[in-house]
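**Student:** turn this into a model:
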Amino acid sequence: MALTALLLGLLWRVVDVPASLSRLREVEATWVVAGLLLVQLQVMVSALRWRFTAARLGHRIGACRAIGEYYLATLLNQVLPGGVAGDAARTFRGTRRDVRLPDVARGVVVERLAGQLSLVLVALAGLAFWPRLLEAPPPRVALAGVAGLVAFVVVGWLALRGSARIGPSRWRRAVRSIGPTLHRCWLEDRAWVVQGSTSLIVTASYLGVFAIAATATGAPMTAAAVVTIVPLTLASMLLPISIGGWGVRETAAAALWPLAGLGAEAGVAASVFYGLISLAGSLPGVLPLLRGRRAARRADGSRT
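**Tutor:** All right, here's what the predicted structure looks like:
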């Protein structure tokens, strides 16, 4: 929370934030509706990806329940620090007598990992085609971020391999199950077709919402900018150091938008619109909580 406030404070000093926010007053309702519809698409497709992943692990979830729980998880990730609280809630709420907590957690983690991997691959593709699309070398900070990501993955992989040999027996079993779990969920019986298509649809919807946000706030982006700059802006939100990506996303947008010939203020305005639309689009997540409270009241009434 402190880091989010610090980033927003620094942004206020560097960028003309009032000018950015003034762009929001000019947004037409049509763009708001279009953005909200795309958010519904990404939540529903993500929920179906989770349902498919859980089924591969023997955990059956009804489509309506999966969508409702995913709305709730998305809403919690928007308003709580770290960006993973909603996934933790999805894990605990999915545990039943016949389904153990570790089994539910595996499905949630693998599903989120598929989405993040898709976004990272799109961001890497944007960097690879950056010189041809934008006729300029990619920013050094982005290349440094990619190098840091590769180093993190390598170190994490080595740490897992080491812990699989010298860690506690329970931990060793868990680490050794990662490979078979990923193979079952992503590769076995052409599962990659479903995982890949759903993940690309969700990632494309993210890019689409940002493109709508840029157009709605008066600074439309070219297709080249959408597939190069926007994925990097979204990738900054993968860092679990903020609340719903606020502060980190706006800082990245302010730094990257000028590379496409757009002002930093335009980047901040589009980022704020994106955040507000994402939050508003996840508000149906309140419904599963209300249903749970009503069920609890009925249970208490029947006991009394």
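**Student:** for Pro220, pull up the helix or strand it's in.
**Tutor:** For Pro220, there is no host helix or strand (DSSP states H and E).
**Student:** and it, how far is that from Ala270?
**Tutor:** Distance, Pro220 to Ala270, using CB to CB, to the nearest Å: 10 Å. Glycine gets a C-beta too; all of them are placed from N, C-alpha and C.
**Student:** what of Leu38?
**Tutor:** Noted for Leu38: a distance of 14 Å to Ala270, by CB to CB.
**Student:** okay, these two: which has more neighbours?
**Tutor:** Remark: of Leu38 and Ala270, Ala270 carries more neighbours, 33 against 22, as counted by other CB atoms under 10 Å.
**Student:** just the pLDDT for that one.
**Tutor:** For Ala270, the pLDDT comes out at 94.
**Student:** tell me the contacts of it?
**Tutor:** Applying CB atoms under 8 Å, 6 or more residues apart in numbering to Ala270 gives the contacts Phe210, Ala213, Ala214, Ala216, Thr217, Ala219, Ala253, Trp257.
**Student:** mind running it again at 10 Å?
**Tutor:** 20, 23-24, 209-221, 230, 233, 249-250, 253, 257, 262 (CB atoms under 10 Å, 6 or more residues apart in numbering).
**Student:** show me how to select, in ChimeraX, the buried members of the residues you listed.
**Tutor:** Here is the ChimeraX selection string for the buried members of the contacts of Ala270, based on 16 or more other CB atoms under 10 Å:
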select :20,23,24,209,210,211,212,213,214,215,216,217,219,221,230,233,249,250,253,257,262
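**Student:** helices - which of the contacts of Ala270 land there?
**Tutor:** 20, 209-216, 230, 233, 249-250, 253 (DSSP state H).
**Student:** pLDDT and distance to Val110 added to the residues you listed, as CSV?
**Tutor:** As requested, these are arranged in CSV below (pLDDT from 0 to 100; distance: CB to CB, whole Å):
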residue, pLDDT, distance to Val110
Ser20, 85, 38
Val209, 96, 25
Phe210, 96, 26
Ala211, 96, 29
Ile212, 96, 30
Ala213, 95, 30
Ala214, 94, 32
Thr215, 94, 35
Ala216, 95, 35
Val230, 94, 26
Thr233, 91, 25
Arg249, 90, 25
Glu250, 90, 30
Ala253, 91, 30
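**Student:** of those, just say which sits nearest to Leu101.
**Tutor:** Arg249 (31.7 Å; CB to CB).
**Student:** isn't the closest one right up against Leu234?
**Tutor:** Yes - taking CB atoms under 10 Å as the definition, Arg249 is a contact partner of Leu234 at 7.7 Å.
**Student:** what do those two both touch?
**Tutor:** Counting by CB under 10 Å, 6+ apart, the contacts common to Arg249 and Leu234 are Phe210, Tyr274.
**Student:** list the contacts for the residue lying closest to Phe210 once chain neighbours are set aside?
**Tutor:** Leaving out its chain neighbours, the residue that sits closest to Phe210 by CB to CB, 6 or more residues apart in numbering is Val230, at 4.6 Å. Val230 makes contacts with 122-123, 126, 206-211, 213-214, 221, 252-253, 256-257, 260, 270, 274, as judged by CB under 10 Å, 6+ apart.
**Student:** quick check: phi and psi on Asp16?
**Tutor:** phi -80, psi 80 (degrees, to the nearest 10).
**Student:** quick one: distance of stretch 40-59 to the chain centre.
**Tutor:** From the chain centre to the centre of stretch 40-59 is a distance of 14 Å (CA atoms, centre = their mean, to the nearest Å).
**Student:** now swap in stretch 92-106 and tell me
**Tutor:** 22 Å.
**Student:** which parts of that stretch are buried?
**Tutor:** Residues of stretch 92-106 classed as buried: Arg93, Gly94, Val99, Asp103, Val104, Ala105, Arg106 (neighbour count, 16+ other CB under 10 Å).
**Student:** farthest-apart pair in those, please.
**Tutor:** Using CB to CB, those reach their maximum pairwise distance at Arg93 and Arg106, which is 15.5 Å.
**Student:** narrow the buried residues of stretch 92-106 to those in helices?
**Tutor:** Secondary structure from DSSP H places Arg93, Asp103, Val104, Ala105, Arg106 of those in helices.
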